[in-house]
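*Asks:* Pasting the sequence and the predicted model now:
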Amino acid sequence: MNKALHDMADAPKVVGEAPAGDEGPSPATNTTSSMAGGSDNNAKPSPSASSSPARHKRTGSGGTGSSLAGSSNPLARKLQKILQGTGVDAAHRGGVGLSDDVLEALKSLSGVFTENTKRTRQNLRGDLERRSLLINQEFISQFSEVQKRLQAVQLDIGAMGDCCREMTERLDAARAGTAGLIAQTTKLRAQQQQVQVKSEILDCFMQQYALTADEQDALAARQMTLEFFPALERVRQIHADCKQRLLRATHQTAGLAVMEHMAQLLETAYERLYRWTQTACRGLGQGDAEQPILLCRAMTALRERPVLFRYAMTELGNARRNASARAFVDALTRGGGGGTPRPIELNSHDAMRYVGDMLAWLHQNVASERELLVTVLSPPPPHMRPGGMPLPPGRQPVPRFQLSEEDAQLLQDLLGTVAEANCRALKVRVEQVLSPAGLVTSYKLANLLQFYGRTIADLISETSHLPAVINELRETCLKAFFDALQQHADQLLSRAHPPSTDLSPPEALEQTVAILQDVLSTSDSVVESVQARQEELTRILSCVLDPLLTMCQASAQRLDGTDAAAFMVNCIYRIQSTLSLYDFSDERVTGLAERLDAQACKLVAAQAQFVAARSGLDTAFLAVRQCEARNTTLAQELPSEALLRGMAQFDAYLSTADTAMIPQCDMVLGTRVRAEVREEGMKAFLLSYKRLFEQAGRVSSQEYPAQAAVLKRPPEQVLSLLQ
């Protein structure tokens, strides 16, 4: 671009012609000639006179290349040369734009040539040269700085080269001197890889056959926690793995060492666990919610040491035995916290409530102890098993709170030991209240003891001491009851007083029946086998009824036949009505019914005799019996006049419809019995009359005039009239 500017500056400048009348060369022409002379020393200035206005106009407007080429003007030739070099003329001729270099040069020139004046045109070349000079100076100045820096870099590169050569020499010397060290390092690196592999193997071995720091701390901690048991299980697992894996492989030495160490840890851990279990058993049930859980885990772990487990169970039984004894004494004398419930001893005046409260407390205590022991003996739940470790060999998984047969028997033994603590206190107190207790109270106590004995036997083995003591106390109460019952029967036999005038049952019989009623009512509430209950009631009734009936018979002997029969009917009826209300007394009720019927027959006979006497046929009935006994006729045994008088009185009796009964029948307590006596008495009377009618029919009316009086009243008519 600068070259194009210089070429354009060297080209002659065409200016306007001088004004008309000016003959000398114009300043512009001279200046242009001088500028052109700077680049071409052979050029000569052209005379201005030869320039006409028309030519000047063509030259100033840039005429065609053909006209310039044909011109002899040096300026024209110079311009033609420039135009040919830049392609302006060709572009002008071909109608194509200027080249890029020319355009760029013109753009740069437009920035320098700001105004088109004569002065600027004259100084254009100088300005361009000065501008070029300034640019070159600036370039030289900048390049000198670059050259300085390059020289500095070259110096640094030289220093670096020297240093590298020195270092290379030193490395060569060091390589020559450390060849053995490198070989040793290579050997050590190989050994390091081997050691690293061994370290990884050892880490795996330690993970499987050694305890972690936390597990060691859990085994050695002073306070027992749940973390102890997974650590103990881990020790057991390592010990078992040594037997199964290491000793069967080629690692007997390591296996024996690990086994010995784990065996020592196991013994120490089990000894510590046993000591803690002893302490925990003594403090069991004092409000620590986590204590039963830890104790359950401890008992499960101690099963692997049968001797320690047996000792721990013994310690647990003794601890709970002492705690149960203290609690029973507190319940008897101090009561509950805050005075509720009240002390049981305050009810000692009421034998039933006193003994019932004691038995209820013992039943609740046995149930609570059973629940506690089941919790301790039960295997831990699955989520509490340490790390999913398998059960010991030979042990099958048992559901939570479901004991195996061995554990169930152990539970029964422990419950028997715990419950035995309160047996003596219970026995002494029951015997104390039994001595002044009455007959009915003794029997109620026996039934109460039997009920709680069966209830407690559902929780504890029947062979345990507590059920045995309860059964023994029941037998004692029954013995006291039967002794009192026998004593009462002896008293009945010894005081057979005369009956009252109304022939009602004596007071002793009423008292005995009331006692018997209380006893039978109590027996109905007892749940036992049918056979045992029937045998017991049979024994009770035998002890009471036989002496009672004997007493009634002894009292009845002081009366005549009809009064005695009515008295016995009342006594038997009173006993029978009481027994008929209860089960298992059918046999006795049947026997009493037979006795009652026998005595009622006497009343029926008396009633029939009473009606016969009221009707006037008593003499005739007696004659009929004599006829039957002696095989004679009615005429031989009874005069006709006597029979006629009797029949006249009988007719009068039938007309009045007298239904009177004997006075003894009115004193009979049972309405049904009275009705039966009246009915059966009337049947007996009609039977006697029928026999009289038959005997009268066997004699003739001529021989026995009274026959007609009898035959006119057939038995059917008499029956209809009496009804």
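*Replies:* The structure has been received and is ready for your questions.

*Asks:* Look at residue 605 and say how many residues are nearby.
*Replies:* Number of residues near residue 605 (other C-beta atoms under 10 Å) recorded here: 17. Yep, even glycine has a C-beta here, placed from its N, CA and C like the rest.

*Asks:* contacting residues for it?
*Replies:* With contacts defined as C-beta atoms under 8 Å, 6 or more residues apart in numbering, the neighbours of residue 605 are 681, 684.

*Asks:* Model confidence at it, what's the number?
*Replies:* Here the pLDDT value assigned to residue 605 is 89.

*Asks:* same deal with residue 394?
*Replies:* Residue 394 is assigned 48 on the pLDDT scale.

*Asks:* Kindly report the same for residue 67.
*Replies:* pLDDT for residue 67: 47.

*Asks:* same question, residue 145
*Replies:* Residue 145 carries a pLDDT value of 88.

*Asks:* how near is it to residue 236?
*Replies:* In this view, residue 145 and residue 236 are 87 Å apart by C-beta to C-beta, to the nearest Å.

*Asks:* Show me which of the two is the more surrounded one.
*Replies:* Each of residue 145 and residue 236 has its neighbours counted (other C-beta under 10 Å); residue 236 has more, 19 against 9.

*Asks:* and the closest residue to that one other than its chain neighbours, what is it in contact with?
*Replies:* Spatially, and ignoring its direct neighbours in sequence, residue 236 is nearest to residue 266 (6.7 Å; C-beta to C-beta, 6 or more residues apart in numbering). Counting by C-beta under 8 Å, 6+ apart, residue 266 touches 232, 235, 236, 239.

*Asks:* Give me the pLDDT for residue 266.
*Replies:* As predicted, residue 266 sits at a pLDDT of 91.

*Asks:* could you say which helix or strand contains it?
*Replies:* helix 252-282 (DSSP states H and E).

*Asks:* So residue 191: helix, strand or coil?
*Replies:* Three-state call for residue 191 (DSSP: H, G, I helix; E, B strand; the rest coil): helix.

*Asks:* since we're on residue 572, how many residues are nearby?
*Replies:* Residues near residue 572, counting by other C-beta under 10 Å, number 25.

*Asks:* quick one on the thing from earlier: and which of the contacts of residue 266 is nearest residue 448?
*Replies:* Distances from residue 448 to the contacts of residue 266, taken as C-beta to C-beta, are shortest for residue 232 (49.6 Å).

*Asks:* I'd guessed the closest one sits against residue 267; true?
*Replies:* No - applying C-beta atoms under 8 Å as the test, residue 232 and residue 267 come out as separate, 11.5 Å apart.

*Asks:* The two: which has the busier surroundings?
*Replies:* Each of residue 232 and residue 267 has its neighbours counted (other C-beta under 10 Å); residue 232 has more, 24 against 11.

*Asks:* pLDDT wise, what is the more buried one at?
*Replies:* 91.

*Asks:* what sits up against the strand or helix carrying it?
*Replies:* Using DSSP H and E, residue 232 falls within helix 228-241. Helix 228-241 has contacts (C-beta under 8 Å, 6+ apart) with 208-211, 214-216, 218-219, 221, 258-259, 262-263, 265-266, 269-270, 273, 297-298, 301, 304, 386-387, 389.

*Asks:* which outside residues touch the helix or strand that residue 409 is a member of?
*Replies:* Assigned by DSSP H and E, residue 409 belongs to helix 405-419. With contact meaning C-beta under 8 Å, 6+ apart, helix 405-419 is reached by 313, 316-318, 320-321, 324, 362, 365-366, 369-370, 373-374, 377, 398, 403, 456, 459-461, 463-466.

*Asks:* Whichever of those end up buried, select them in PyMOL.
*Replies:* In PyMOL syntax, the buried subset of the contacts of helix 405-419 is picked out as below (16 or more other C-beta atoms under 10 Å):
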select buried, resi 313+316+317+318+320+321+324+362+365+366+369+370+373+374+377+403+456+459+460+461+464+465+466
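
*Asks:* Keep only those of the contacts of helix 405-419 that are in helices.
*Replies:* The helices, defined by DSSP state H, take in 313, 316-318, 320-321, 324, 362, 365-366, 369-370, 373-374, 377, 456, 465-466 from the contacts of helix 405-419.

*Asks:* returning to what we had before: so how far is residue 665 from the residue nearest to residue 236?
*Replies:* If you go by C-beta to C-beta, the gap between residue 266 and residue 665 works out to 97 Å.

*Asks:* thinking again about what came up before, quick check: ChimeraX command selecting the buried ones in the contacts of helix 228-241.
*Replies:* The following ChimeraX line selects those of the contacts of helix 228-241 that are buried, judged by 16+ other C-beta under 10 Å:
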select :209,210,211,215,218,219,258,259,262,265,266,269,270,273,297,298,301,386
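
*Asks:* Can you give me the pLDDT of the nearest residue to residue 318 once chain neighbours are set aside?
*Replies:* Spatial nearest neighbour of residue 318, chain neighbours left out: residue 417 (7.3 Å); criterion: C-beta to C-beta, 6+ apart. Residue 417 carries a pLDDT score of 90 in this model.

*Asks:* And for residue 417, the neighbour number?
*Replies:* Neighbours of residue 417 using other C-beta under 10 Å come to 20.

*Asks:* Could you check how far it is from residue 453?
*Replies:* 19 Å.

*Asks:* just for the chain, where's the confidence low?
*Replies:* Applying pLDDT under 70 to the chain picks out residues 1-76, 78-80, 82-99, 112-113, 248-251, 285-290, 380-402, 523-529, 657-660, 723.

*Asks:* residues contacting residue 263?
*Replies:* residue 239.

*Asks:* Return the distance of it relative to residue 257.
*Replies:* 11 Å.

*Asks:* And residue 367, by the same measure?
*Replies:* According to C-beta to C-beta, residue 367 and residue 257 sit 52 Å apart.

*Asks:* Over to residue 617?
*Replies:* Noted for residue 617: a distance of 128 Å to residue 257, by C-beta to C-beta.

*Asks:* same deal with residue 423?
*Replies:* From residue 423 to residue 257 the distance is 55 Å (C-beta to C-beta).

*Asks:* what's the answer for residue 104, then?
*Replies:* For residue 104 relative to residue 257 (C-beta to C-beta), the value is 96 Å.

*Asks:* now do residue 710
*Replies:* Per C-beta to C-beta, residue 710 is found 133 Å from residue 257.

*Asks:* Check residue 530 too.
*Replies:* For residue 530 relative to residue 257 (C-beta to C-beta), the value is 73 Å.

*Asks:* So for those two, which residue has more residues nearby?
*Replies:* A count of neighbours by other C-beta under 10 Å puts residue 257 above the other of residue 530 and residue 257, at 14 against 9.

*Asks:* Could you look up the SS state of residue 713?
*Replies:* For residue 713, the reduced secondary structure class is coil; criterion used: three-state DSSP.

*Asks:* Give the full set of residues in contact with it.
*Replies:* Neighbours of residue 713 in contact, by C-beta under 8 Å, 6+ apart: 647, 650, 651, 693.

*Asks:* Kindly indicate which of the residues you listed lies nearest residue 171.
*Replies:* residue 693 (170.0 Å).

*Asks:* Which other helices and strands does the helix or strand harbouring that closest one contact?
*Replies:* Using DSSP H and E, residue 693 maps to helix 671-697. Applying 3 or more C-beta pairs under 8 Å, 6 or more residues apart in numbering; DSSP states H and E, one finds that helix 671-697 makes contact with helix 586-615, helix 618-630, helix 634-637, helix 663-666, helix 707-711, helix 715-722.
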